[in-house]
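> just coords:
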Ligand code: APR
């Protein structure tokens with residue numbers, strides 16, 4: 001079997017790429033190792049930044065993908081119980097992100113691709129990549145494809161990155177030394193996304209439906225295991241950190257931990273294989289750029305593959321990695337900047353760093369140019 005592009009993985013990156021190629025009339029086959037319900041039910045990211053939503057608008061997919069999504073306006077940054085509302089869109093010329101839970105985005109992208117006649121094979125086990133320097137072949141349990149190009153969109157644990165000879169890749173890993181304990185609870189949602197900076201540690205609260213919230217609490221990995229915290233203690237910590245002694249405590253229905261790690265593989269390409277999304281980089285959740293970065297990669301890759309296959313111009317494909325790495329590092333820096341601002345204020349931190357974190361926070365309200373930069377990063381950038 002032959003196709004122009006074999007796409008490995010049907011997460012946000014793979015499905016966005018598949019839809020964009022379909023719109024451009026480029027043939028592709030998506031191979032996904034899991035079954036459809038697993039892919040559709042996976043809950044992760046939730047915010048599509050303005051730049052991410054423009055990708056779909058530009059491709060004529062806005063109605064299919066983002067219709068009805070709630071526009072984000074304020075971010076509450078609460079400092080030791082003191083509320084500060086950051087109006088990102090007004091600092092970014094009206095550019096606003098929209099709330100699109102990943103499951104919804106993935107479902108809509110899946111439906112659109114399949115209704116357009118797309119070829120997506122679920123439960124494709126044992127995918128292996130061969131002959132990447134000539135005409136790539138992709139084998140999997142029960143089939144084989146020959147493709148002009150392979151798009152590795154199979155996430156951090158996929159096979160694509162590992163198919164690149166180790167000597168061809170440079171990887172950068174960074175452990176921020178911070179853990180987040182996250183709980184889903186029956187608690188009235190906040191009006192605006194809420195992040196609380198406090199000497200007791202960072203905490204956040206986001207709406208998850210009309211009667212529930214997802215909370216995040218910073219913890220020290222290695223020194224404590226919050227999964228052992230009694231729920232009463234969790235509520236006590238939340239009241240303290242959010243500076244809200246009246247926060248009602250309801251049933252906690254889900255508990256998870258996240259360790260803050262960053263990773264980048266360079267380059268994001270090897271011969272006829274191109275990596276996109278988590279296959280190439282991991283970013284901390286601060287700033288909510290993980291999914292948006294995956295979509296931006298997919299957009300750049302779709303344009304580049306189309307130029308190569310339709311117009312016989314492989315220039316954009318050759319610069320794909322450099323183009324995407326510029327944004328990747330820009331977002332990594334933003335995410336680290338944000339992470340420090342909201343975590344370094346804790347009593348555990350070095351006193352000098354605590355002061356720096358406060359100065360960083362104060363600058364957002366005192367300096368309109370700093371506010372505009374922050375809002376611009378939140379909205380996402382067309383950095384090329
Ligand atoms: N063969 C085929 N498919 C695979 C394989 C494999 N060997 N390994 C993994 N996959 C599939 C996974 O089952 C998953 O559906 O690849 C997909 C990868 O999806 P994600 O991990 O969501 O990665 P990506 O599309 O890059 O999106 C990443 O979205 O969830 C947000 O913030 C999150 O940063 C993250 C971003």
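Noted; the coordinates are in hand. Predicted, not measured: the structure shown is a model, and the values here were computed from it.
> What residues does the nearest residue to residue 111 once chain neighbours are set aside make contact with?
Excluding its sequence neighbours, the residue lying closest to residue 111 (C-beta to C-beta, 6 or more residues apart in numbering) is residue 64, at 7.9 Å. Where you see a C-beta, it was placed from the backbone N, CA and C, and this is true even at glycine. By C-beta atoms under 8 Å, 6 or more residues apart in numbering, the residues touching residue 64 are 56, 108, 111, 112.
> can you name the two of those that are farthest apart?
Using C-beta to C-beta, the contacts of residue 64 span at most 13.7 Å, a distance reached by 56 and 111.
> Give the partner strands of the lengthiest strand in the chain in its sheet and their orientations.
Longest strand in the chain, counting residues (DSSP state E): strand 170-186. Paired strands of strand 170-186, with direction, are strand 212-219 (antiparallel), strand 252-266 (antiparallel) (DSSP bridges).
> ok now it, how far from the chain's centre?
13 Å (C-alpha atoms, centre = their mean, to the nearest Å).
> near the ligand, anything from that strand?
No: if you take C-beta under 6 Å from any ligand atom as the test, strand 170-186 misses the ligand, and the best it gets is 13.7 Å.
> Then stretch 237-257?
No: judged by C-beta under 6 Å from any ligand atom, stretch 237-257 makes no contact with the ligand; its nearest approach is 13.8 Å.
> Quick check: end-to-end length of that stretch?
Start-to-end span of stretch 237-257 (C-alpha to C-alpha, to the nearest Å) is 16 Å.
> What residues of that stretch count as buried?
In terms of neighbour count (16 or more other C-beta atoms under 10 Å), stretch 237-257 has its buried residues at 237, 238, 239, 240, 241, 242, 243, 244, 247.
> show me what contacts the nearest residue to residue 248 once chain neighbours are set aside?
Excluding its sequence neighbours, the residue lying closest to residue 248 (C-beta to C-beta, 6+ apart) is residue 187, at 6.2 Å. Applying C-beta under 8 Å, 6+ apart, one finds that residue 187 lies in contact with 205, 212, 213, 215, 247, 248, 249, 250.
> could I get those as CSV with pLDDT and distance to residue 38?
Below are the contacts of residue 187 laid out as CSV (pLDDT from 0 to 100; distance: C-beta to C-beta, whole Å):
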residue, pLDDT, distance to residue 38
205, 95, 28
212, 91, 23
213, 92, 26
215, 96, 26
247, 92, 34
248, 87, 34
249, 86, 32
250, 90, 29
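> Now for these: which two are most distant?
Among the contacts of residue 187, 212 and 247 lie farthest apart (C-beta to C-beta), at 13.8 Å.
> Following the chain onward from the strand or helix carrying residue 108, which element is next?
Element membership for residue 108, per DSSP states H and E: helix 102-115. Under the assignment DSSP H and E, the closest C-terminal helix or strand after helix 102-115 is strand 119-121.
> so what does that next one touch, helix or strand wise?
Packing partners of strand 119-121 (3 or more C-beta pairs under 8 Å, 6 or more residues apart in numbering; DSSP states H and E): strand 28-31, helix 102-115.
> now the one residue sitting closest to the centre of the chain, nearest residue through space, not along the chain?
Centrality entry for the chain: nearest residue to the mean C-alpha point is residue 290, 1.8 Å, by C-alpha atoms, centre = their mean. Nearest residue to residue 290 in three dimensions, chain neighbours excluded: residue 283, at 5.1 Å (C-beta to C-beta, 6+ apart).
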